[in-house]
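K.L.:
need coordinates for the following:
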Amino acid sequence: MPQFFWILKKVHWSDTDAAGIVWFPNFFGWFEDAEEEIYVSAIGRTRQSLLDEHAFAMPRVDATAKYRAPVRAGELIRIGIASTLENPRRLRHDFEMRTEPAGVLLAEGFVRVACVDAATFRPRDLPDVVQQLVTALPLAADRQQAGTTERPWV
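P.N.:
Numbering: from 1, shown residues only. Predicted structure coming up:
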């Protein structure tokens with residue numbers, strides 16, 4: 001079972017569709033929020049600062065979501081991310097979304113991310129700092145769940 005790094009999100013009315021449940025593309029945006037948070041929380045930097053410094057981009061090449069239960073405005077949800085390196089040029093982010101505090105599974109999915117040179121869009125290896133972050137994510141998740149904010153893996 002993956003070790004997830006979690007963020008909390010309050011669902012707003014503007015997140016819902018005419019049926020009063022969360023509009024399905026918003027799930028991918030929230031997955032993206034969880035991905036952004038691992039950079040800030042785990043290494044203290046934004047993803048954009050890493051992209052700029054190392055001149056690379058991370059296009060999404062595959063994505064899927066399975067919706068297990070409706071999500072409505074006013075609910076508090078938690079979104080978990082667990083990342084793995086598939087190879088030096090590609091990584092995979094697995095996600096879960098659950099109610100808070102009950103933990104009912106609302107959705108799950110994954111996003112596969114490639115690494116390309118920002119100028120040419122040709123494939124390249126992920127920078128070492130990103131590979132180290134993905135490798136250290138289980139430790140970051142453990143520390144987050146224990147309430148520790150230290151980042152000894154950076």
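
K.L.:
drop to CA atoms for contacts and neighbour counts, all remaining ones
P.N.:
Fine.

K.L.:
tell me which residues in stretch 101-114 are buried?
P.N.:
The neighbour-count check on stretch 101-114 (16 or more other Cα atoms under 10 Å) flags 105, 106, 107, 108, 109, 110, 111, 112, 113, 114 as buried.

K.L.:
same deal with stretch 30-41?
P.N.:
30, 31, 32, 33, 34, 35, 37, 38, 39, 41.

K.L.:
what sits against the residue most central in space within the chain?
P.N.:
Among the residues of the chain, the one closest to the centroid is residue 35, at 2.6 Å (Cα atoms, centre = their mean). Each residue near residue 35 by Cα atoms under 8 Å, 6 or more residues apart in numbering is listed here: 81, 93.

K.L.:
in contact with residue 83, which residues are there?
P.N.:
91, 92, 93, 94, 134, 137.

K.L.:
what's the spacing between the helix or strand it falls within and its chain's center?
P.N.:
According to DSSP states H and E, residue 83 maps onto strand 76-87. Computed by Cα atoms, centre = their mean, to the nearest Å, the separation of strand 76-87 from the middle of its chain amounts to 5 Å.

K.L.:
in the protein, which helix or strand is least confident?
P.N.:
Here the helix or strand of the chain ranked lowest by mean pLDDT, DSSP states H and E is helix 128-146, holding a mean of 78.
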